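Visitor: structure of the sequence below:
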Amino acid sequence: MPGRHRRRRHTVHRLAHNEPVNDLALLLTPEGRALLDEVQGTAPADELAVATRLRRDHPAELVSAALGQARLRQRAEAKFGAEDAGRMFFTPNGVEQSTRASVAAYRAECFRALGVRSVADLCCGIGGDAIALARAGIRVLAVDRDPVTAAAARANAEALGLSGLIEVQEADVMEVDTAGHDAVFVDPARRGGRGRIFDPEAYSPPLSWAVEAARGAPRAALKIAPGIPHEAIPGDAEAEWISDGGDVKEAVLWFGPHVTPGARRATLLPSGAGVWASPATALPDPETRPVGRYLYEPDGAVIRSHLVAEVAEDLNGGLIDPTIAYITADEHHVTPYARAYQITDHLPFSVKKLKALLREREVGTLTVKKRGSAVEPEELRRKVKPQGPNAATVFLTRAAGAPTMLIGHPLE
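Guide: Sure, this is the predicted structure:
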């Protein structure tokens, strides 16, 4: 009844803009589900009017929860796609921390290809990885200690018709028995009350515990932050950095008889292209060369995995500076591992010279990239005031130790 709903106390979560989103339990009732269907797709500008109308017939906290959930679903479309996001249930942290569907599907296929038929998904969150694993035909024990998060994972398994393959358990992952499962996947929380956590031992659970849990399984994958120092990576793991559409999304440590200890891999989605090196095959740092006709900007996963040398060799290129991950070459090669640019001008850094050159070339659309430069792109764009029908890309960087501007255009 409306009065009873109003008197109940609920845990309150916060969105990025600090508006309250009430307990998910409200939305899992028949009234809550029906109201959520009604507010689906509500534009932010219409929320106040919609809330005012709905509060005539529904408890205010239920209306607030439904509108908040609709907003979370809209945010989640980028990760899960409109069809799945429109049926799933989210928490604010769940939207931020869950694995992108394309990445989760790739990892699930890796498990399936290894012959894995059951996975203990520890720190499952709202169930993004569990969903991908189940869709790959793998049975999943999904565990999270937060009751609201576990409820969302359970509701998502049901909403997507995967309850038969996903068992959700509300428990401390450090106390869960994973024996009997073919593999373990651990995704420690890397965000706290103050934002992103950079110390691996401050993860929840700590990285050291997660590593031991992975080592104790027949096969395992452990999700970590892409920026983890290489020296913090256990020597018996194979490390993989994954990008999607050019953006680095995560890193994973693989354990088991299928891995090469100490190996590194960069995987680029959606193509699935990958570059790999073991301690025995890893190349030394590329030589430094004068800037040639072409510049290659390696994918972030290639840079994070320290595999620039392997890509440079493939391109018959070298570095423009020993500390900068830009590859230069005199020939154009098509590669999935780097974006190619044709360089038209190579100048010492000078705002005055750049402004004059852009005016001469009638450049009005200017893309500014920087690596090894303290100049901010927006600040430079304001100073040079590009105008005209043409486009160009300027790289603010170092070449052979000197501040440098490279001007050119991308090659598709």
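Visitor: quick one: Thr288 and Thr323 touch, right?
Guide: No. Between Thr288 and Thr323 there is no contact under C-beta atoms under 8 Å: 9.6 Å. Every C-beta, even on glycine, is put in place using the N, C-alpha and C of the backbone.
Visitor: of those two, which one has the most company?
Guide: The residue with more neighbours, out of Thr288 and Thr323, is Thr288; 16 against 12, by other C-beta atoms under 10 Å.
Visitor: number of nearby residues for the residue lying closest to Tyr106 once chain neighbours are set aside?
Guide: Using C-beta to C-beta, 6 or more residues apart in numbering and skipping the chain neighbours, the partner closest in space to Tyr106 is Leu269 (5.9 Å). Using other C-beta under 10 Å, Leu269 has 20 other residues around it.
Visitor: any idea which helix or strand comes after the helix or strand hosting Leu268?
Guide: Leu268 belongs to strand 264-269 when elements are defined using DSSP states H and E. Next helix or strand after strand 264-269 toward the C-terminus (DSSP H and E): strand 273-277.
Visitor: within the sheet, what are the partner strands of the following helix or strand past that following strand, with directions?
Guide: Downstream of strand 273-277, the first helix or strand assigned by DSSP H and E is strand 294-298. Here strand 294-298 has these sheet partners by DSSP bridges: strand 324-329 (antiparallel), strand 338-348 (antiparallel).
Visitor: please identify the most buried of the ones you listed.
Guide: When neighbours are counted by mean count of other C-beta atoms under 10 Å, the highest per-stretch mean among those falls to strand 324-329, a mean of 23.
Visitor: and the residue minimising distance to the centre of the chain, what are its phi and psi?
Guide: Among the residues of the chain, the one closest to the centroid is Lys249, at 2.7 Å (C-alpha atoms, centre = their mean). Main-chain dihedrals, Lys249, degrees, to the nearest 10: phi -100, psi -40.
Visitor: how about it, what does it touch?
Guide: Neighbouring residues of Lys249 by C-beta atoms under 8 Å, 6 or more residues apart in numbering: Thr99, Arg100, Val103, Pro226, Ile242, Ser243.
Visitor: the last one: neighbouring residues, count only.
Guide: Spelled out, it's Ser243. With other C-beta under 10 Å as criterion, Ser243 counts 22.
Visitor: what of the fourth one?
Guide: Pro226 is flanked by 17 other residues according to other C-beta under 10 Å.
Visitor: have a look at the protein and report its longest helix.
Guide: helix 60-85 (DSSP state H).
Visitor: got the buried residues for that one?
Guide: 61-74, 76, 79-80, 84-85 (16 or more other C-beta atoms under 10 Å).
Visitor: what does stretch 253-268 give?
Guide: For stretch 253-268, by 16+ other C-beta under 10 Å, it's 253-256, 259-260, 262-268.
Visitor: kindly present those as JSON lines, with separate columns for distance to Phe185 and pLDDT.
Guide: Listed next are those as JSON lines, based on distance: C-beta to C-beta, whole Å; pLDDT from 0 to 100:
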{"residue": "Leu253", "distance to Phe185": "11", "pLDDT": "98"}
{"residue": "Trp254", "distance to Phe185": "10", "pLDDT": "98"}
{"residue": "Phe255", "distance to Phe185": "11", "pLDDT": "98"}
{"residue": "Gly256", "distance to Phe185": "12", "pLDDT": "97"}
{"residue": "Val259", "distance to Phe185": "15", "pLDDT": "97"}
{"residue": "Thr260", "distance to Phe185": "20", "pLDDT": "97"}
{"residue": "Gly262", "distance to Phe185": "21", "pLDDT": "97"}
{"residue": "Ala263", "distance to Phe185": "19", "pLDDT": "98"}
{"residue": "Arg264", "distance to Phe185": "20", "pLDDT": "98"}
{"residue": "Arg265", "distance to Phe185": "17", "pLDDT": "98"}
{"residue": "Ala266", "distance to Phe185": "20", "pLDDT": "98"}
{"residue": "Thr267", "distance to Phe185": "16", "pLDDT": "98"}
{"residue": "Leu268", "distance to Phe185": "21", "pLDDT": "98"}
